[in-house]
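# next come a sequence and a model predicted from it.
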Amino acid sequence: MAIVAGIYVFDQSQYSRIREIRIEGNHVVSEMEIREAMGINEGDRMILKLPFLVDRKTSSIPGVDNTSSKMYYTQGILTINVTEDAGDRV
């Protein structure tokens with residue numbers, strides 16, 4: 001029972017949540033468009049937004065070739081490096 005209570009308390013704490021999202025490398029596609037397509041926001045549970053799962057959602061974003069995400073679990077930071085399609089640059 002104590003283990004279940006501990007998991008619940010941790011899940012409710014700020015340490016299990018994404019506190020900051022950094023999106024880098026985007027010049028044409030907006031940060032908001034990337035966030036919406038990936039379904040990520042500050043406050044989301046880190047365990048539900050694993051980098052390899054988040055990166056799979058980028059195929060639906062026009063102008064984005066690929067992304068590489070990294071989660072800094074101890075800091076609650078999700079960093080997303082965006083590579084845009086070369087043909088879409090102005």
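Structure's in. What do you need?
# all contacts plus neighbour counts: C-alpha atoms, from now on.
Noted.
# what's the spacing between whichever helix in the chain runs longest and its chain's center?
The helix that spans the most residues within the chain, counting by DSSP state H, is helix 2-12. The chain centre lies 24 Å from the centre of helix 2-12; the measure is CA atoms, centre = their mean, to the nearest Å.
# any residues touching it, and which ones?
Outside helix 2-12, the residues that touch it by CA atoms under 8 Å, 6 or more residues apart in numbering are Ser16, Arg45.
# tell me which helix or strand comes right after that helix.
Once helix 2-12 ends, the next helix or strand along the chain (criterion: DSSP states H and E) is strand 20-24.
# buried stuff in that following strand?
Residues of strand 20-24 classed as buried by neighbour count (16 or more other CA atoms under 10 Å): Ile21, Ile23.
# list the strands paired with it, with their directions.
If you go by DSSP bridges, strand 20-24 pairs up with strand 77-84 (parallel).
# what lies in contact with the strand it pairs with?
18-29, 63-72.
# before we move on, back to that, using CSV, write out every CA atom in the longest helix of the chain.
C-alpha atoms of helix 2-12 as CSV (Å, rounded to 0.1, in the frame of the first residue of the first chain):
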residue,chain,number,x,y,z
ALA,A,2,2.9,2.4,0.8
ILE,A,3,4.3,1.9,-2.7
VAL,A,4,1.0,2.8,-4.3
ALA,A,5,0.8,5.9,-2.1
GLY,A,6,4.3,6.9,-3.0
ILE,A,7,3.7,6.5,-6.7
TYR,A,8,0.5,8.7,-6.4
VAL,A,9,2.4,11.4,-4.5
PHE,A,10,5.2,11.4,-7.0
ASP,A,11,2.7,11.6,-9.9
GLN,A,12,1.0,14.6,-8.3
